[in-house]
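Undergrad: pasting a predicted model and its sequence here:
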Amino acid sequence: MKQDWYQSAVGYEIYPRSFCDSNGDGIGDIKGIISKLAYLKDLGIDFIWITPMYASPNVDNGYDISDYYAINPEYGTLEDVKDLIQQAHEMGIKVLFDLVVNHTSDQHPWFRDAKSSKTSPYRDFYHWKKGKDNRPPNDWIGFSGLSTWTYDALTDEYYFHLFDQKQPDLNWKNPKLRQAIYDMIRFWLELGIDGFRIDAISHIQKADWDVKLQDSKGDGAYQPFMNVSGIEAYLSDMKAIYEEYDALTVGEASGVSSQEAPKWTGRNGYMTMLFEWEHNYRFETGKGDVVKFIEILDRWQVDMQEQRWLGLYLENHDLPRIIDTFGDGSDSSAKAFAVAYFCLRGTPFIYQGQEIGMTNGDFKTLEEFNEPKMKRRYESYRQLLADKEAFERAKAWSKDNARTPMQWDASCYAGFSTVKPWLRVNSQYREKNIALAQKDEQSVFYLYKNLINLRHHSQAIAVGNYQRILVGHEAVFVYQRQSQTESCLILVNLTAEKVSISMPKVIRDKNWRLVLSSEKEGLKLKKSLSLPAYFYAVYQI
Ligand code: GLC
Ligand code: CA
């Protein structure tokens with residue numbers, strides 16, 4: 001079976017602002033990342049994805065780019081980037097950057113020029129439209145929960161944005177804009193990076209402006225900009241460039257269904273792999289729905305069999321920590337979820353801090369948050385709930401939960417910086433940090449090391465088929481991965497309770513060897529089994 005390098009590889013997401021500060025200004029930077037490459041190598045990481053480090057006014061911490069060709073001085077220089085690439089490559093670590101091409105910052109020279117007059121040569125780089133009776137051109141609602149249109153008095157027109165009003169959307173229908181983006185993509189690949197995580201890529205094409213919202217509540221409201229037809233041509237253009245450089249590409253593809261996704265990835269697709277968003281389903285309280293989590297992961301695994309490929313993840317810079325959402329606050333829950341996703345078919349990503357089971361930030365006041373939406377979220381909960389509950393509820397949804405500084409050791413500011421960092425350090429850092437985890441063989445850190453090792457060496461885990469095994473309990477995830485030469489069985493109880501399951505005969509009849517487990521001896525695979533809370537085991541033949 002021919003195997004591509006990324007099928008047995010493990011990625012690591014770095015949120016540079018919070019990873020490591022090398023020069024004592026409280027903000028993580030490129031030299032800081034370089035200083036931790038040896039750590040990542042030791043963990044077993046094959047490639048890193050670094051969220052945007054381009055010039056930006058930081059309305060959305062780098063996802064609002066004001067110059068695609070410049071590095072934000074807070075992070076360092078282009079020379080530092082070259083150093084980073086070189087040193088990472090010397091260690092055998094590949095480097096992915098973030099490609100943000102759905103929108104720019106409103107401070108990008110293209111937008112500033114576009115905004116200055118209707119005849120600007122850059123006007124058509126963005127979407128502009130006249131309003132109707134002092135109202136926006138249509139009733140679409142963006143991801144901020146507000147209208148997708150902002151009025152510009154100077155030219156008496158509205159411009160379009162899916163995210164913040166300071167992040168105007170680019171007009172992909174314009175061939176000049178496309179060419180400018182394609183040139184930029186080449187620039188970074190020429191510089192030597194190995195690929196991209198592609199931001200919000202399923203939204204670059206918009207439906208006709210007169211399309212009416214079908215359902216303004218659920219995801220239906222987003223249909224006019226989710227995987228809209230016409231997007232195929234742009235994705236194919238980009239794919240041709242990636243291929244010239246043999247680049248690894250990971251698309252953030254929310255709104256692309258598991259039935260549509262197969263044509264997006266794999267050897268004949270538009271990109272190497274994609275991230276789906278569905279399994280992150282959470283209740284209004286912010287708590288994850290474990291049963292749906294399993295069901296959705298299972299559906300994606302089935303729909304993406306054959307030559308298709310997924311990026312697998314539990315956490316990222318947009319989601320609260322897994323321990324607090326899907327788990328029960330314990331390291332045991334962190335471990336069970338780790339095993340559940342890591343052995344699926346696809347390339348697993350670890351988000352910084354996940355490898356030691358970092359928990360949600362312990363923010364005490366609204367002022368301590370950085371996320372612009374936090375205040376508005378709090379105010380809307382405040383209409384229904386008492387002050388304290390409204391705060392807790394709003395906090396439970398905040399992206400800042402996962403953006404607190406990385407906890408390297410027990411020294412002041414968790415070894416992230418020598419001064420007070422840009423975002424509050426979680427006070428758990430004295431008990432939970434990399435240095436301590438490395439000394440404790442029972443830590444979440446060592447489980448990840450073992451899982452990475454397994455992924456590197458097991459053909460079944462890398463490229464084997466996937467099959468779910470039903471065991472009579474919907475929050476117990478059991479699946480088999482099978483290649484021509486090897487099988488693995490993954491068994492995880494994703495609840496905080498002891499549960500009973502029944503193991504099918506075809507599974508128990510095999511001669512499994514225990515590879516790793518939460519219980520020293522694992523469990524013998526009998527007909528009826530009682531699984532301790534957050535039990536996990538991986539078996540192999
Ligand atoms: C993606 C990023 C998120 C950002 C948004 C707009 O979802 O992960 O952080 O705010 O795109 O670029
Ligand atoms: Ca710094």
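TA: Sure, I can see it. Ligands and ions are numbered 1, 2, ... in the order given.
Undergrad: end-to-end on stretch 241-258?
TA: 26 Å (CA to CA, to the nearest Å).
Undergrad: what does stretch 334-350 give?
TA: First-to-last residue span, stretch 334-350, CA to CA: 12 Å.
Undergrad: whichever residue of the stretch 51-200 of the chain sits closest to ligand 2 - nearest residue in space that isn't next to it in sequence?
TA: Across the stretch 51-200 of the chain, the shortest distance to ligand 2 (CB to the ion) belongs to residue 74, at 6.7 Å. For every residue, glycine as well, the C-beta is placed using N, CA and C. Distance criterion CB to CB, 6 or more residues apart in numbering; nearest residue to residue 74, sequence neighbours excluded, is residue 27 at 5.1 Å.
Undergrad: count of neighbours near that neighbour?
TA: 22 (other CB atoms under 10 Å).
Undergrad: just residue 191 next, same as before
TA: 12.
Undergrad: contacting residues for it?
TA: Listed by CB atoms under 8 Å, 6 or more residues apart in numbering, the contact set of residue 191 reads 78, 81-82, 85.
Undergrad: hmm, 10 Å instead?
TA: Counting by CB atoms under 10 Å, 6 or more residues apart in numbering, residue 191 touches 78, 81-82, 85, 97.
Undergrad: all strands for the stretch 51-200 of the chain, in order.
TA: For the stretch 51-200 of the chain, the strands defined by DSSP state E, counting those that start in this stretch cover 54-55, 67-71, 94-100, 128-129, 149-152, 157-160, 195-199.
Undergrad: pull up the pairing partners for the last one, direction included.
TA: Strand 195-199 pairs in its sheet with strand 94-100 (parallel), strand 248-252 (parallel), by DSSP bridges.
Undergrad: roughly how far is it from the heart of the chain?
TA: Averaging C-alpha positions (CA atoms, centre = their mean, to the nearest Å) puts strand 195-199 11 Å from its chain's average.
Undergrad: what angle do whichever helix or strand comes after it and strand 195-199 make?
TA: For strand 195-199, the succeeding helix or strand toward the C-terminus, using DSSP states H and E, is helix 231-244. Going by axes from the mean of the first three to the mean of the last three CA atoms, to 10 degrees, helix 231-244 is angled at 160 degrees with respect to strand 195-199.
Undergrad: now helix 231-244: buried residues?
TA: 231, 234-235, 238-239, 241-242 (16 or more other CB atoms under 10 Å).
Undergrad: I'd like the mean pLDDT over that helix, please.
TA: Helix 231-244 shows a mean pLDDT of 97.
Undergrad: same deal with stretch 122-134?
TA: 96.
Undergrad: now the end-to-end length of that stretch.
TA: 25 Å.
Undergrad: now the most centrally placed residue in the chain. Nearest residue, chain neighbours left out?
TA: Residue closest to the mean C-alpha point of the chain, counted by CA atoms, centre = their mean, is residue 316 at 4.0 Å. Among residues not flanking residue 316 along the chain, residue 351 sits closest, at 5.2 Å (CB to CB, 6+ apart).
Undergrad: residue 336 now?
TA: residue 534 (4.0 Å).
Undergrad: phi first, then psi, for that neighbour.
TA: Backbone torsions of residue 534, given as degrees, to the nearest 10, read phi 50, psi 30.
Undergrad: show me the shaky parts of the stretch 101-250 of the chain.
TA: Within the stretch 101-250 of the chain, the ranges that satisfy pLDDT under 70 run 214-219.
Undergrad: burial count for the residue nearest to residue 99 when sequence neighbours are not counted?
TA: Excluding its sequence neighbours, the residue lying closest to residue 99 (CB to CB, 6+ apart) is residue 196, at 4.0 Å. Residue 196 has 26 neighbours, counted by other CB under 10 Å.
Undergrad: the closest residue to ligand 1 within the stretch 251-400 of the chain: which element?
TA: In the stretch 251-400 of the chain, the residue that lies nearest ligand 1 is residue 318 (4.7 Å; CB to the nearest ligand atom). Following DSSP H and E, there is no helix or strand that holds residue 318.
Undergrad: residue contacts, the residue nearest to it when sequence neighbours are not counted?
TA: With sequence-adjacent residues excluded and distances taken as CB to CB, 6+ apart, residue 318 is closest to residue 399, at 5.2 Å. Going by CB under 10 Å, 6+ apart, residue 399 touches 60-61, 316-320, 369-371, 373-374.
Undergrad: thinking again about what came up before, looking at the contacts of residue 191, which is nearest ligand 1?
TA: Distances from ligand 1 to those, taken by CB to the nearest ligand atom, are shortest for residue 97, at 13.4 Å.
Undergrad: what's across from that closest one in the sheet?
TA: residue 50, residue 196.
Undergrad: and it, how many residues sit next to it?
TA: 22.
Undergrad: I'd guessed the residue nearest to residue 99 sits against residue 271; true?
TA: Yes - under the criterion of CB atoms under 10 Å, residue 196 makes contact with residue 271 at 8.8 Å.
Undergrad: residues shared between the contacts of these two?
TA: 238, 242, 247-251.
Undergrad: state the distance from residue 37 to residue 91.
TA: Distance of residue 37 to residue 91, given as CB to CB, to the nearest Å: 6 Å.
Undergrad: for residue 247, that is, sorry about that
TA: Look at residue 247 and residue 91: by CB to CB, they are 19 Å apart.
Undergrad: how about residue 348: what's its closest non-neighbour residue?
TA: residue 312 (4.5 Å).
Undergrad: and for residue 293?
TA: Closest to residue 293 by CB to CB, 6+ apart is residue 279, at 5.4 Å.
Undergrad: report pLDDT for the nearest residue to residue 444 once chain neighbours are set aside.
TA: Once flanking residues are discounted, residue 444 sits nearest to residue 357: 4.1 Å by CB to CB, 6+ apart. Listed pLDDT for residue 357 reads 98.
Undergrad: tally of neighbours for residue 357?
TA: So residue 357, with other CB under 10 Å, has 27 neighbours.
Undergrad: confirm for me that it is in contact with residue 331.
TA: Yes - counting by CB under 10 Å, residue 357 does reach residue 331; the two are 4.8 Å apart.
Undergrad: can you list residues touching both of residue 37 and residue 91?
TA: With CB under 10 Å, 6+ apart, residue 37 and residue 91 have common neighbours residue 45.
Undergrad: which one of the two has more residues nearby?
TA: Per other CB under 10 Å, whichever of residue 37 and residue 91 has more neighbours is residue 37, with 18 against 12.
Undergrad: enumerate the residues of the stretch 101-250 of the chain near ligand 1.
TA: Listed as neighbours of ligand 1 in the stretch 101-250 of the chain under the rule CB under 6 Å from any ligand atom: 163, 199-200.
Undergrad: typo on my end, it should be the chain
TA: 60, 63, 100, 163, 199-200, 252, 317-318.
Undergrad: again, 5 Å this time
TA: Residues of the chain lying near ligand 1 by CB under 5 Å from any ligand atom: 60, 63, 163, 199-200, 318.
Undergrad: what helix or strand is residue 420 on?
TA: Using DSSP H and E, residue 420 falls outside every helix and strand.
Undergrad: distance check, it against residue 83.
TA: 27 Å.
Undergrad: which of the two has more neighbours?
TA: More crowded of residue 420 and residue 83, by other CB under 10 Å: residue 83, with 15 against 11.
Undergrad: would you state the helices of the stretch 51-200 of the chain in chain order?
TA: Secondary structure of the stretch 51-200 of the chain (DSSP state H, counting those that start in this stretch): helices located at 78-90, 109-116, 175-191.
Undergrad: can you check the stretch 351-500 of the chain too?
TA: 373-382, 387-396, 434-438, 444-457, 459-463.
Undergrad: among these, which is nearest ligand 2?
TA: helix 434-438 (18.7 Å).
Undergrad: run through the neighbouring helices and strands of the closest one.
TA: helix 37-43, helix 444-457 (3 or more CB pairs under 10 Å, 6 or more residues apart in numbering; DSSP states H and E).
Undergrad: deepest of those helices, which one?
TA: helix 444-457 (a mean of 19; mean count of other CB atoms under 10 Å).
Undergrad: from the contact counts, what lies against it?
TA: helix 37-43, helix 331-342, strand 347-351, helix 434-438, helix 459-463, strand 513-517, strand 536-540.
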